[in-house]
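this one's structure only:
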DNA sequence: TTGTACGCGTTATCAG
DNA sequence: CTGATAACGCGTACAA
């Protein structure tokens, strides 16, 4: 009852041709008679042939050069995790003949993005992983890569222009909805709830807009009209303005119950609350930055929604590798879970090693 | 600037010996002169040689037979997920020359376990994955496998007797703590909270005992002595007794706030609450069984802690494969995250496909 | 104690 | 259009 593995040679024998011909059929390198082709394809189906990936990798002794176009972690530490994910994937998958070159741009500087993206285009890699945080500016590059048939994978920000190979990340709308639930849960029956963007250019950031929609819709869909939902855009470039803005929000809304920060910057508000010794506010944010972890453990941040940004980097490289080196089909969208992180379970989300 | 891959042949050349000798050193097959050995090992370190797994798999054309000793999903549907995980891993990893044979036992019948475990021992597999839900009865088998140097991986229940290759699953104690937090969160300042085991033989189930400890310690450590924590062991074998037990618990504790079910059986209590039209109780349980998912969506189960049981099966086979076929080091404990699942994020935990 | 030669399944090249 | 054949890197049997 041995389940023999079907090899190309087996197919060739059964079809009365040589392995070379089978190979040409399987890879559509043309120049095969129609009768041979149909016969071979039939046998392939019948025998359920599956290529041996080890042999494939060994045989095609080819190096695929991947480019990772990601923001600078020394400017915004949020981007440290994706970088580590990319590096872990590279080390796990280099067996399959991939090498990743990182192109690091300044997330607060469009020109830097344009510059690095151009470098990627010039380098003519075999595949690209990119965090398209600048929507408008990214589009021409997508067009270029698309025209040159260079597969590219998006992470962090979901866009579907020019048909990316894949998107890796969260469903931003649902993420906002979940934040609404967490902001609402256990907060009594009425009050003010604040949504705040920090240091962001909203109009050019598709994913933040979708988070905001989801958040608002949570309250609408659940008929929670007794809550007063307000929004703010705060910027730490002007630190006194940042504090002043928070001061006046607190003053004008004494019934403030929850604050939802749409990015990984919840720790900035936590610092403010701590300094002013304000307690009893349900603070919700994103991502396991060291500062955020601290404030979760202190009880000042109540919930973090984990975006698994390391996983986003990892899976991005993973998808490119599977597509290019292993010639496997990949999902065009890979939504990662909306993990709820609290003091009690945070340890199991922090990267060991 | 090409990062050339280091092959055995390269090392041999540099050491002035033949590839065969290098191979003998790398695999400790002895019969190598000491000077050759030290020289080769030095070069291996220096050049950071890493074996090419594709070539290895292709070369050693060996089949590793793995045994999966898991409970019957048709008796308790909880075990469907691990089985699917095992099967997915088998399909993902069969490239590396593994084949998994399943040995399915009845989770409510010790004899069935003993029978199947004996079959596993007789089959003399290369590696074993087992859910040791019967503690006492599992030990002699561990001893046997250990003596025969058959690596075995535990999942679902953490035991450390006889040195398993690895444990995959949750930290049960922390899981209980998290349940305490969820049972407490947003429930006012006092009241009764119930912990219930359903259909379980507690004394022989190490993980349930640890969950209970964690749960109790949450309230102790946070000084929540104003809560009245009670416990119950319920059994559906006697269904009217099951209902009667719940009836009397409800009657004698009108201030009941939360119910924590230590297993995947929360749906049974949800059904009861639904039938009796009791609302306002914060019900917490485990795992994304179809029935539980239903009750989360209906709002009767408030929180589920996801134990990622499919992942447990998957990673178990994964660890065995990496250890045996790829000869890679594996972690001796792999704690999976304590995922908090609510109506709003449940979709991202339900298996697609 | 050591070296050599072959096979694993696939791909790529070259000759027909 | 097709068939034969040489890699790819490792493991192993056999010869020296």
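Sure thing, it's come through. Predicted, not measured: the structure shown is a model, and the values here were computed from it.

please name the nearest non-neighbouring residue to the residue of chain A found nearest chain B.
Nearest residue of chain A to chain B, counting by CB to the nearest CB: residue A:186, 2.5 Å away. Where you see a C-beta, it was placed from the backbone N, CA and C, and this is true even at glycine. Once flanking residues are discounted, residue A:186 sits nearest to residue B:186: 2.5 Å by CB to CB, 6 or more residues apart in numbering or on different chains.

wait, that neighbour touches residue A:182, no?
No: proximity of residue B:186 to residue A:182 does not meet the contact threshold set by CB atoms under 8 Å, at 10.7 Å.

more neighbours: the two, which one.
residue A:182 (25 against 14; other CB atoms under 10 Å in any protein chain shown).

wait, what's in contact with that one?
A:258, A:282, A:284, A:302, A:303, A:305, A:340 (CB atoms under 8 Å, 6 or more residues apart in numbering or on different chains).

list the contacts for the closest residue to residue A:324 other than its chain neighbours?
Leaving aside its sequence neighbours, residue A:324 sits nearest to residue A:64 (CB to CB, 6+ apart; 4.8 Å). Residues in contact with residue A:64, defined by CB under 8 Å, 6+ apart, are A:97, A:98, A:99, A:126, A:127, A:320, A:321, A:324, A:325.

pLDDT below threshold where in chain A?
Along chain A, the parts satisfying pLDDT under 70 run over A:1-4, A:30, A:352-353.

give me every residue in it lying close to DNA strand D.
A:16-21, A:24, A:30-33, A:36, A:55, A:58-59, A:61 (CB under 7 Å from any atom of the strand).

that older thread, now, which of the contacts of residue A:182 lie within strands?
A:258, A:282, A:284, A:302, A:303, A:305, A:340 (DSSP state E).

the fifth one pairs with what?
Applying DSSP bridges to residue A:303 yields these beta-bridge partners: residue A:284.

ditto for the last one
Beta bridges link residue A:340 to residue A:305 when assigned by DSSP bridges.

correct me, but it touches residue A:296?
No: shown here, residue A:340 and residue A:296 do not form a contact pair, counting by CB under 8 Å, at 11.4 Å.

what touches both of those two?
Common neighbours of residue A:340 and residue A:296, counting by CB under 8 Å, 6+ apart, are residue A:304.

setting the sequence-adjacent residues aside, check what's closest to residue A:162.
Residue A:162's closest residue in space is residue A:142 (CB to CB, 6+ apart), at 3.8 Å.

three-state assignment of that neighbour?
helix (DSSP: H, G, I helix; E, B strand; the rest coil).

and it, how many residues sit next to it?
20.

same question, residue A:97
20.

so it sits against residue B:5, correct?
No: using CB under 8 Å, residue A:97 makes no contact with residue B:5, being 9.3 Å away.

got phi/psi on the closest residue to DNA strand D within the stretch 101-250 of chain A?
For the stretch 101-250 of chain A and DNA strand D, the shortest gap (CB to the nearest atom of the strand) falls at residue A:126, measuring 18.8 Å. Main-chain dihedrals, residue A:126, degrees, to the nearest 10: phi -90, psi -20.

isn't it right up against residue A:99?
No: when contacts are counted by CB under 8 Å, residue A:126 is not listed as touching residue A:99 (9.6 Å).

more crowded one of the two?
Set residue A:126 next to residue A:99 and count neighbours by other CB under 10 Å: residue A:126 wins out with 18 against 14.

give me the element the closest residue to DNA strand C within the stretch 201-350 of chain A is part of.
Proximity of the stretch 201-350 of chain A to DNA strand C (CB to the nearest atom of the strand) peaks at residue A:327, 7.0 Å away. According to DSSP states H and E, residue A:327 maps onto no helix or strand at all.

over to residue A:231?
strand A:227-234.

closest residue of the stretch 1-150 of chain A to DNA strand C?
For the stretch 1-150 of chain A, CB to the nearest atom of the strand, closest residue to DNA strand C: residue A:59, 2.7 Å.

residues near that residue, how many?
The burial count for residue A:59: 11, using other CB under 10 Å.

one step back: residues in contact with the residue nearest to residue A:162?
Here residue A:142 is in contact with A:132, A:152, A:159, A:161, A:162, A:164 (CB under 8 Å, 6+ apart).

who's in contact with residue A:348?
B:171, B:174, B:335, B:336, B:337, B:338.
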